[in-house]
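1. sequence-free structure coming up:
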């Protein structure tokens, strides 16, 4: 849960860690986790059968590979929602900062066995 | 619904309208509307009994008055979640741009009779 009346400064939260592909929970919202994450390089292809996947780029540039050779590129201030059940692979040539929103408990790889733990910061 | 593979540039969406306190839907996510809105001046005190209220400031400065004389001030890149059932009044001295996320169909005043219609842009 969010602390009472806590304003979350996303840049300050991002300044507090260095690891990549390891989302940190910064707020809770309607059963969803609001998270920040630093990414660089390629993630694994995966899908979430039960939930759409919300991405907002805060810094850097994110490519999301999609089925059939499609891809989207997101710059800062751009949002993309990967619909549930759609295979996707996020990747970033340089370190990129994201805001993610997912139902609480969603494994970041789509598979609890390979998912990164999500710490609250 | 989001168009297939549509990247949403929030600043471009905000450049497309001028009215205040009239959220525009730019994406859909897990039964929620992702919206942008321009605000200036004081909104009405209201609450949403059934949903938390997600605010991210993109430009400007937002004050959210809360019960018992409390208030929070949000600068760009800052998030605040008003818990469900908590009375609040957003206000902004200068024009301020926000990203809002609410369950689809949530009236912005908490009351369908007084709520602004939400167009998809």
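-> That came in fine, so what should we check first? Because the structure is predicted, anything quoted here is derived from the model rather than measured.
2. So which bits of chain A are right by chain B?
-> Residues of chain A lying close to chain B (Cβ under 8 Å from any Cβ of the partner chain) are A:2, A:5-11, A:26-30, A:32, A:34, A:51-52, A:54, A:56, A:58, A:66, A:70, A:72-75, A:77-81, A:83, A:99, A:101, A:103. Heads up, the C-betas are built off the backbone N, CA and C, glycines and all.
3. ok, now with 6 Å
-> If contacts are counted using Cβ under 6 Å from any Cβ of the partner chain, the residues of chain A sitting beside chain B are A:2, A:5, A:7-11, A:27, A:29-30, A:51-52, A:54, A:70, A:72, A:74, A:77-81.
4. Please list only the buried members of these.
-> Among the residues of chain A next to chain B, those that count as buried by neighbour count (16 or more other Cβ atoms under 10 Å in any protein chain shown) are A:2, A:7-10, A:27, A:29-30, A:51-52, A:54, A:72, A:74, A:77-81.
5. taking the residues of chain A next to chain B one by one, which sit in helices?
-> In helices, judged by DSSP state H, the following of the residues of chain A next to chain B are found: A:10-11.
6. any idea whether the spatially most central residue of chain A is helix, strand or coil?
-> Among the residues of chain A, the smallest C-alpha distance to the mean C-alpha position (Cα atoms, centre = their mean) belongs to residue A:100, namely 3.7 Å. Following DSSP: H, G, I helix; E, B strand; the rest coil, residue A:100 is assigned to strand.
7. so how far is residue B:35 from it?
-> Residue A:100 sits 18 Å away from residue B:35, going by Cβ to Cβ, to the nearest Å.
8. for stretch A:86-104, which positions count as buried?
-> Across stretch A:86-104, burial judged by 16+ other Cβ under 10 Å covers A:86, A:88, A:90-92, A:96-102.
9. Taking those together, which two end up most distant?
-> By the measure Cβ to Cβ, A:86 and A:97 form the most distant pair in the buried residues of stretch A:86-104, at 23.2 Å.
10. distance between stretch A:44-61 and the chain's centre?
-> 5 Å (Cα atoms, centre = their mean, to the nearest Å).
11. end-to-end on it?
-> From the first residue to the last, stretch A:44-61 extends over 17 Å; the measure is Cα to Cα, to the nearest Å.
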